[in-house]
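A.B. asks: only geometry, no sequence info:
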């Protein structure tokens, strides 16, 4: 009987070993962190090469901080504090969008590299009063009051007002707003001021849905925009970093040429600018992010002209992008050089456990626990004042841990652990049945 029980113990041990077989690697890379002692929270910026390991589709949940004992500490993405703002009143010119004939392509509206509105008329312009007007506030302004220019004649119209950050995606602000000017003198009606409550937008669109706009389509008409603008010096954000990228491929496409640019990692890009090669002075470059063989995302157009200021760049919505493609119908002597601007993702962690701390990045299985870090940071801001900021942590040179094994899917192979578990379990069941039958026979009637 003792031998049978020993055999059962061996089977159970084999089951435990098989269940624990093939442990997957945890994190791909580790970075030492240097922090000033005594702070109540620390801020860490993700280094550029960390994006090579962080999962593109994981929302950076495979980024954690651990203490000297290898235990994770409370951390999470850093939510910036609200910047201060000041009132602003500015006169900005109205830009008329040319009307087009019915069924024909409309005008092309885009931004230049310094953010100015560029309007290219459609193939066939139509006669008549423009129905759409644009103006550029030059910086994101939360509009509170909009005064339209005096028309010089009686007018009654209704307009829709929209806001945009890129001239492509528009958000409604006001609908069917009446603008009326009738008569002169004491009995005149002058309702040209619109009260708004909008989020900060740089570009505004006025669409006439009833009546005819009385403003001069050739320029000279201006609106007075009043609102609030954020003080740039109080913005709680990471510094913009720039990376020059050379073309890695070139091929003819349609009536022009495609240039491909492979970034060293999928970085959270928010700016792009271009520099032409020797001998080229002007070009129109359509920039897109390539996500797959048949998918992509249009980022906008860069128009390069002689004497262009180097600091002017195309603004794009922030997002991780690793492969860019530039299409141009302008004949060029060589591929342009792209410069991409990005702000690193920031994380905040609390001084739990024992230092030194390490930043771990990249894992197909490990995930960061859902700590209530926003509540903790809000409590610290309340206790320390609105100007409080977490102390910055210095990221040291990274060292490889499991490397690609931690992030890549395992190679397809036969999983022998499941059949082994079933064999072990069936053998154990057979031994138990045999032992029970033996006991029943020995007991007798």
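C.D. replies: Happy to help now that I have it. Quantities reported herein were computed from a predicted structural model and do not represent experimental measurements.

A.B. asks: for residue 42, give the beta-bridge partners.
C.D. replies: Residue 42 has these beta-bridge partners by DSSP bridges: residue 349, residue 391.

A.B. asks: quick check: which element contains residue 302?
C.D. replies: strand 296-304 (DSSP states H and E).

A.B. asks: list the buried residues of that strand.
C.D. replies: 299-304 (16 or more other CB atoms under 10 Å). No exception for glycine: its C-beta is placed from N, CA and C like everyone else's.

A.B. asks: check which helices and strands it sits against.
C.D. replies: Judged by 3 or more CB pairs under 8 Å, 6 or more residues apart in numbering; DSSP states H and E, strand 296-304 is in contact with strand 108-111, strand 256-275, strand 283-290, strand 314-328.

A.B. asks: just the mean pLDDT for it, thanks.
C.D. replies: The average pLDDT for strand 296-304 rounds to 85.

A.B. asks: how about residues contacting it?
C.D. replies: With CB atoms under 8 Å, 6 or more residues apart in numbering as the test, strand 296-304 has contacts from 110-113, 118, 166, 168, 272-276, 281-291, 314-316, 319, 321, 324-325, 336.

A.B. asks: go again using 7 Å as the cut-off
C.D. replies: 110-113, 118, 166, 272-274, 276, 282-291, 314, 316 (CB atoms under 7 Å, 6 or more residues apart in numbering).

A.B. asks: do stretch 236-256 as well
C.D. replies: Under CB under 7 Å, 6+ apart, the answer for stretch 236-256 is 45, 80-81, 83, 257-263, 271, 327-329, 335, 337-344, 346.

A.B. asks: distance-wise, check residue 342 relative to residue 319.
C.D. replies: 10 Å (CB to CB, to the nearest Å).

A.B. asks: more crowded one of those two?
C.D. replies: More crowded of residue 342 and residue 319, by other CB atoms under 10 Å: residue 342, with 23 against 14.

A.B. asks: that one contacts residue 272, doesn't it?
C.D. replies: No - using CB atoms under 7 Å, residue 342 makes no contact with residue 272, being 9.9 Å away.

A.B. asks: residue 209: which of the helices and strands packed on strand 296-304 is closest?
C.D. replies: Residue 209 lies closest to strand 108-111 among these, at 18.8 Å (CB to CB).

A.B. asks: which residues in the protein form helices?
C.D. replies: Counting by DSSP state H, the chain has helices at residues 2-19, 373-384, 404-407, 417-443.

A.B. asks: and the shortest one, what's buried?
C.D. replies: Translated: helix 404-407. In terms of neighbour count (16+ other CB under 10 Å), helix 404-407 has its buried residues at 406-407.

A.B. asks: quick one: that helix to chain centroid distance?
C.D. replies: The chain centroid and the centroid of helix 404-407 are separated by 25 Å, computed with CA atoms, centre = their mean, to the nearest Å.

A.B. asks: start the count at 348 instead of 1 going forward.
C.D. replies: That works, and once the first residue is 348, the last one we named lands at helix 751-754.

A.B. asks: give me the domain ranges for the chain.
C.D. replies: By the assignment in automatic domain parsing, the chain contains the domains 349-369+761-790, 376-392+406-419+700-748, 432-581, 588-689.

A.B. asks: could you dump the ones you listed into JSON lines and include distance to residue 754?
C.D. replies: Below are those laid out as JSON lines (distance: least, CB to CB, whole Å):
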{"stretch": "domain 349-369+761-790", "distance to residue 754": "17"}
{"stretch": "domain 376-392+406-419+700-748", "distance to residue 754": "5"}
{"stretch": "domain 432-581", "distance to residue 754": "33"}
{"stretch": "domain 588-689", "distance to residue 754": "12"}
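
A.B. asks: which of those comes out lowest on mean pLDDT?
C.D. replies: In terms of average pLDDT, domain 349-369+761-790 trails the rest of those, at a mean of 60.

A.B. asks: so the strand holding residue 649 versus strand 603-622, what angle?
C.D. replies: 60 degrees (axes from the mean of the first three to the mean of the last three CA atoms, to 10 degrees).

A.B. asks: for strand 643-651, the distance to its chain's centre please.
C.D. replies: Relative to the chain's own centre, strand 643-651 is displaced by 16 Å; criterion: CA atoms, centre = their mean.

A.B. asks: just checking: what are the partner strands of it?
C.D. replies: Paired strands of strand 643-651, defined by DSSP bridges, are strand 630-637 (antiparallel).

A.B. asks: ok, and what's touching the strand it pairs with?
C.D. replies: Contacts with strand 630-637, where a contact means CB under 7 Å, 6+ apart, come from 619, 621, 623, 643-651, 661, 668, 670-675, 677, 679, 683.

A.B. asks: just the buried residues of it, please?
C.D. replies: 630, 632-637.

A.B. asks: could you dump these into JSON lines and include distance to residue 507?
C.D. replies: Listed next are those as JSON lines, based on distance: CB to CB, whole Å:
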{"residue": "630", "distance to residue 507": "36"}
{"residue": "632", "distance to residue 507": "33"}
{"residue": "633", "distance to residue 507": "29"}
{"residue": "634", "distance to residue 507": "30"}
{"residue": "635", "distance to residue 507": "30"}
{"residue": "636", "distance to residue 507": "31"}
{"residue": "637", "distance to residue 507": "35"}
